[in-house]
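Peer 1: okay, predicted coordinates and the sequence, questions at the end:
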Amino acid sequence: MHAFLGNETPFNDWIAHWTAHYGFKDGKDFCSFLSESTGSPPSKEYALTLEMARIMALVEQSEKGGLTGRFLEAFVDAAGTFEEFQAHFYTTLEAAYALGRVVSEILCDRGWL
């Protein structure tokens, strides 16, 4: 989310601000874990809940943040349970993939790709 929103604050300061100022809790709003080591020391990674990601995006005060927050809000509202959310997500993902294939075929047919 930090990189996606283009935030220029150092990541460690940024995540510390969110957890302290907004009261997000590890194990409830996000899960932190160490990445797998590939020769260098492992780094601390974060997996956010959709609700935490939505709030972060909306508060970020950028056009991209606002759009992302409203998208996540609509996406979560469309599904009442996790199972419904999962089904909605995969349906949306499959539709986007199918649309991408159609667009690629059109571009190839016209010699643009």
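Peer 2: Nice, I can see it.
Peer 1: could you report the pLDDT at Asn12?
Peer 2: With respect to pLDDT, Asn12 has a value of 89.
Peer 1: and Gly6, its phi and psi?
Peer 2: When read as degrees, to the nearest 10, the backbone of Gly6 gives phi 70, psi 30.
Peer 1: per-residue confidence for it?
Peer 2: At Gly6, the pLDDT value in this model is 85.
Peer 1: relative to Tyr22, how far out is Arg54?
Peer 2: Relative to Tyr22, Arg54 is positioned 12 Å away (CB to CB, to the nearest Å). Placement of C-beta: from N, CA and C, glycine included.
Peer 1: next one: Gln61
Peer 2: Separation of Gln61 from Tyr22 (CB to CB): 14 Å.
Peer 1: those two: who's more crowded?
Peer 2: Higher neighbour count among Gln61 and Tyr22: Tyr22, with 12 against 8, using other CB atoms under 10 Å.
Peer 1: my read: that one touches Ile55, true?
Peer 2: Yes - judged on CB atoms under 8 Å, Tyr22 makes contact with Ile55 at a distance of 7.0 Å.
Peer 1: and stretch 27-35, what's its mean pLDDT?
Peer 2: In this model, stretch 27-35 has a mean pLDDT of 89.
Peer 1: for that stretch, buried residues please.
Peer 2: Asp29, Phe30 (16 or more other CB atoms under 10 Å).
Peer 1: let me see the domain layout of this structure.
Peer 2: What automatic domain parsing lists as the domains of the chain is 1-77, 81-113.
Peer 1: out of those, deepest packed?
Peer 2: Compared across the domains of the chain, domain 1-77 shows the largest average neighbour count, a mean of 13 (mean count of other CB atoms under 10 Å).
Peer 1: any idea how far Arg101 is from Phe24?
Peer 2: 38 Å.
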